[in-house]
Each structure stands twice: as structure tokens, then as C-alpha cells.
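S.K.: Below are the sequence and a predicted model for it; my questions follow.
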Amino acid sequence: MRLGRAVEAGLAGTAVMTMLMLVAPKMGLPPMPIGQMLGNFLHIGAALGWAMHFMIGVGLAVGYALVFADWLPGRAAARGMVFSLIPFLMAQVAVTPMMGGPIFSGGDVKMIMGSLMGHLVYGAFVGVVYGWLPARRAVPA
């Protein structure tokens, strides 16, 4: 496992997922302010809630690198997307209800689809960034 690359992958995947969440209302999806929600739930404020969101993204990427990156078949993006179904289900079944929301967003299809889309984008970026190897540099003789 390449820890540095897993951290980079988690930061990249979480950043892209966060950007998607911020533009979700412009795409007809409900707002998804997970950082604000985490901050309110943990009584730590929105800024630390967003920091927590990124720490969770990095932790999940490390888990992906440890267990799933070499085990799942397919290309890097597909492996990451398959992995991302785990945090998506965790969010829908455990995290949202823990923060006072209903399981599977109470059947709100737009909210479920927004969450799924965000997690799939996260997974794709985690898979690609973690699986990416830089080109070998010529070593001067």
C-alpha cells in the first residue's frame, strides 16, 4: 500500500465530491452541505465539519488502498466506483439516521441519487489517483 498516494487520492476524491455537492442545487438536486451537517451534529462548527468530511474521505481512501485496490477487478476508476458503494450505503443506512435523518433519505429519490452520484465520483477519483503511476524519469548517466 502506498500511504502517500492513498492520502492524495482521498483528498482529490473528496475535493471533487465536495465541488459536486456545492453545485448540486444548480443541477436540480437538493443541497448536500455535509460539512455543515457534521459540524452541527458534532457541535464543532461548519469549518471543522468540512475538515472532518475531508478526514473521512482520506480515511476511506486508505481503507480502499489497504483492502480493495488490488482485490477488485477492472480498471482503476471502476474499482474505486465499486468501492464507493460501501460508503454510500453506510451514509444512507447509518450516518444519515445517526444525524437525525431518515434511512435512505426517507425515499427522496433526488437526495439518494445526489448522494450516489457524489460517492461514485469520489470513488472514481480515488481509484484513478491511487492507481496512477507517474512516467519513469530518465536517470542521468
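M.R.: That came through, no problem.

S.K.: show me what contacts residue 61?
M.R.: Going by CB atoms under 8 Å, 6 or more residues apart in numbering, residue 61 touches 6, 7, 9, 10, 13, 126, 130. Yep, even glycine has a C-beta here, placed from its N, CA and C like the rest.

S.K.: Run through the residues that contact the spatially most central residue of the chain.
M.R.: Note on the chain: the residue nearest the mean C-alpha position is residue 122, at 4.1 Å, using CA atoms, centre = their mean. When contacts are counted by CB under 8 Å, 6+ apart, residue 122 touches 13, 14, 16, 17, 57, 80, 84, 87.

S.K.: Any chance of the residues you listed in TSV with secondary structure and distance to residue 73 as columns?
M.R.: Output for the contacts of residue 122, formatted as TSV (DSSP: H, G, I helix; E, B strand; the rest coil; distance: CB to CB, whole Å):
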residue	secondary structure	distance to residue 73
13	helix	20
14	helix	25
16	helix	24
17	helix	24
57	helix	24
80	helix	13
84	helix	16
87	helix	20
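
S.K.: As a check, name the ranges of all helices in this structure.
M.R.: Remark: helices assigned in the chain by DSSP state H are 3-23, 34-42, 46-63, 76-90, 96-98, 109-131.
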